[in-house]
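Visitor: Provided below are the primary sequence and the corresponding predicted coordinates.
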Amino acid sequence: MGACDAVVRIDNLVKRYGDLVAVDHLSLSIARGEVFGLLGPNGSGKTTTINCILQLLSYDHGDIQLFGEPMRPTSYQLKRRIGVVPQEVAVFDELTVRENVDSFCALYVGDRALRRELVNDAIAFVGLEKFEGFRPKKLSGGLLRRLNIACGIAHRPELIIMDEPTVAVDPQSRESILSGIERLNAEGATVIYTSHYMEEVERLCSRIMIMDHGRCVASGTADELKGMIGTGEKISVEVGRMDEGILERVRSLDHVRTAETDGGMLRVQCASGAHNLADVLGVLGDAGLAYGRVLSEPPTLNDVFLEITGRALRDEA
Ligand SMILES: Nc1ncnc2c1ncn2[C@@H]1O[C@H](COP(=O)(O)OP(=O)(O)OP(=O)(O)O)[C@@H](O)[C@H]1O
């Protein structure tokens, strides 16, 4: 990828808070049209990275380029091409939903008629038409988050940065937010999405960087990340009673790491490898054991994180 194709390029970023190294020699490059996921537990440095990109924080070392140009605190022409949805809801309590979206849009768009159209579109986009005249205090947490998004995207930015936009929202708003991001991307926006919810990142992101202690511990597509580890699928089979001899035969299969029974279910954790499910069912079939439901779950991004760091992504969540 040439430098000009990169919407965001970070080289060797270091940010310290006193003795704490919050971002530790981080480099990344994000191409136009990507939904780039920054995944990591709380405190791993995601927000600090975002705030450095936006020049809201000064940093100790490193280069940041946006749209092929160096990003500086005074790069207003670059900043207007970015939409930010911050982690904390940041809206004006005294203004209505419509007035809030309009005042953020007015930072970048002077023409009133055009702005009216953009504000209408943004409010419709997040599904807040019925709440246009409401002040933020009257909105639920999920609706507030949607207002926060409308404020960030109304001026049609090319790069949208969303910092954990679904924390503490109801399932309906979560779905609305996720499908909204998919639509923004389909319309051409490049998106940076930070989260500690691996399911969201897996659904949305074309590429993922897993962070821990300010460092990149792994990056790639979800499938590439899963391919990097030795953990394979988890197999569950409804078996009722099962004698120890059959269990031992399952355990002796090539790629089986552990096999246990619990409440009538056989649970098998495999190492990565082909035919694991067929091999396990083969043992049961050969033993003449009737079985019921069979579930095979591929490894998750949490398994990637666990294998690389020895901890679960949600340990601290
Ligand atoms: N203003 C600050 N002063 C001192 N330390 C800070 C400050 N802001 C963040 N930190 C520390 O820097 C580290 C990275 O924090 P950061 O907020 O970037 O992580 P994060 O991955 O975004 O976490 P979260 O999911 O909680 O937002 C943490 O150890 C945090 O405690």
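Guide: Cool, the structure landed.
Visitor: so where do the helices sit in the stretch 51-200 of the chain?
Guide: If DSSP state H, counting those that start in this stretch is used as the criterion, the helices of the stretch 51-200 of the chain fall at 76-79, 97-105, 112-125, 141-153, 171-186, 198-204.
Visitor: also the stretch 201-317 of the chain?
Guide: Along the stretch 201-317 of the chain, the stretches classed as helices by DSSP H, counting those that start in this stretch are 222-227, 244-251, 276-286, 301-309.
Visitor: any idea which of those helices is most buried?
Guide: By mean neighbour count, with neighbours taken as mean count of other CB atoms under 10 Å, helix 301-309 ranks first of the helices of the stretch 201-317 of the chain at a mean of 20. All C-beta spots, glycine's among them, are computed from the backbone N, C-alpha and C.
Visitor: okay, residue 58 and the ligand: tell me how far apart.
Guide: Look at residue 58 and the ligand: by CB to the nearest ligand atom, to the nearest Å, they are 12 Å apart.
Visitor: okay, now that residue: neighbour count?
Guide: When neighbours are counted by other CB atoms under 10 Å, residue 58 registers 9.
Visitor: can you redo the helices of the stretch 51-200 of the chain as CSV with distance to the ligand, mean neighbour count and mean pLDDT?
Guide: Converted to CSV, these look like this (distance: least, CB to the nearest ligand atom, whole Å; neighbours: other CB atoms under 10 Å; pLDDT from 0 to 100):
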stretch, distance to the ligand, mean neighbour count, mean pLDDT
helix 76-79, 20, 14, 90
helix 97-105, 22, 22, 97
helix 112-125, 25, 16, 95
helix 141-153, 15, 23, 93
helix 171-186, 17, 16, 90
helix 198-204, 13, 19, 91
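Visitor: quick one: these as TSV, columns for distance to residue 288 too.
Guide: Listed next are the helices of the stretch 51-200 of the chain as TSV, based on distance: least, CB to CB, whole Å:
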stretch	distance to residue 288
helix 76-79	69
helix 97-105	65
helix 112-125	59
helix 141-153	53
helix 171-186	44
helix 198-204	39
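Visitor: just send the helices of the stretch 201-317 of the chain back as TSV, with distance to the ligand too.
Guide: Output for these, formatted as TSV (distance: least, CB to the nearest ligand atom, whole Å):
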stretch	distance to the ligand
helix 222-227	18
helix 244-251	39
helix 276-286	34
helix 301-309	13
